[in-house]
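A.B. asks: here is my input, please return the structure:
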Amino acid sequence: MAWTTFWAGTSDGQPRYYQFSFAGCAVGCGPVAWGMLFGWADRTAHSGLPYWAPRTGIYRQNGGRGADAVAPTTQDQGVQNMIAEIRGQVSTFCAFGSGATAPWNMSGAWQYLNGRTGAHLDTHYNVLGIHETRLANYAASSIAYRKTPAVIGTGWLTHYPLAWGYRWQKRTVRKSFLWWSWSEEVTDTQFYVNQGWGSGGDGQWIDAGTWFAGELYP
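C.D. replies: Modelled structure (predicted):
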């Protein structure tokens, strides 16, 4: 069956950000995911897209709170300053050399936006790390209807990538049990993600199951 596919932007517009060492530990995928989403929104606002145009100022010179600037797609010191600031706001902690962020702390990234822009964020999660359809729907709706990427969670406290593509398909599956047989229609759903490994839009399709959804609104 054919896939129905939705995109939030293009490959060229995806930030190529990645983790770096901070205070003797990896800075964390949570701060990087928010950084990529904020960088994407800032660039989209500067592009003049009506939905985001009023929200320039998300990224400022050298990642600080000074003059307005356009967020770069490649990582530089300013981007690292932004990600490091977000790291403190979402209470990322060091766990065996990796930076881990609890989902209930991810909403702390609102502090980065405060005083820079009128944009705001929202988060939804399952406290036990269980995948829920409602959580996938938050991210899917952001991509399909608002054309805005969303942060999702893959693996409990393991990874937060940025989803910027979504697709679904229906297919018929033939099943049988003893002498009975029947057909069932199933729906497959997938997200296309920027993993935050510096590859930007050169991501991959993954199953749309998630235990976290973080959305950004202008």
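A.B. asks: pretty sure residue 6 contacts residue 144?
C.D. replies: Yes: the pair residue 6 / residue 144 is scored as a contact, 4.0 Å apart, by Cβ atoms under 8 Å. The way it works is simple: take the backbone N, C-alpha and C, and place the C-beta from them, glycine included.
A.B. asks: which neighbours do those two share?
C.D. replies: Common contact partners of residue 6 and residue 144 (Cβ atoms under 8 Å, 6 or more residues apart in numbering): residue 166.
A.B. asks: residue ranges of the helices in the protein, please?
C.D. replies: 29-47, 77-89, 110-113, 133-146 (DSSP state H).
A.B. asks: elements contacting the second one?
C.D. replies: Helices and strands in packing contact with helix 77-89 are listed as helix 29-47, helix 110-113; criterion 3 or more Cβ pairs under 8 Å, 6 or more residues apart in numbering; DSSP states H and E.
A.B. asks: and the angle from it to helix 29-47?
C.D. replies: Here the directions of helix 77-89 and helix 29-47 differ by 130 degrees (axes from the mean of the first three to the mean of the last three Cα atoms, to 10 degrees).
A.B. asks: renumber starting at 508 from here on
C.D. replies: Fine by me, first position is 508 from now on; the one you just mentioned is helix 584-596.
A.B. asks: quick check: buried residues in helix 584-596?
C.D. replies: Of the residues in helix 584-596, 585-587, 589-594, 596 count as buried by neighbour count, 16 or more other Cβ atoms under 10 Å.
A.B. asks: repeat for the shortest one
C.D. replies: Within helix 617-620, the residues scored as buried using 16+ other Cβ under 10 Å are 617, 619-620.
A.B. asks: same check on stretch 529-540?
C.D. replies: Within stretch 529-540, the residues scored as buried using 16+ other Cβ under 10 Å are 529, 532-540.
A.B. asks: residue 585 is in contact with residue 569, correct?
C.D. replies: Yes: Residue 569 is within contact range of residue 585, at 4.4 Å (criterion: Cβ under 8 Å).
A.B. asks: any residues in contact with both of the two?
C.D. replies: Taking Cβ under 8 Å, 6+ apart as the criterion, residue 569 and residue 585 both touch residue 576.
A.B. asks: any idea how far residue 547 is from the residue in the chain sticking out farthest from the centre?
C.D. replies: Distance from the C-alpha centroid of the chain, by Cα atoms, centre = their mean, peaks at residue 686 (46.9 Å). Here the criterion is Cβ to Cβ, to the nearest Å. By it, residue 686 lies 55 Å from residue 547.
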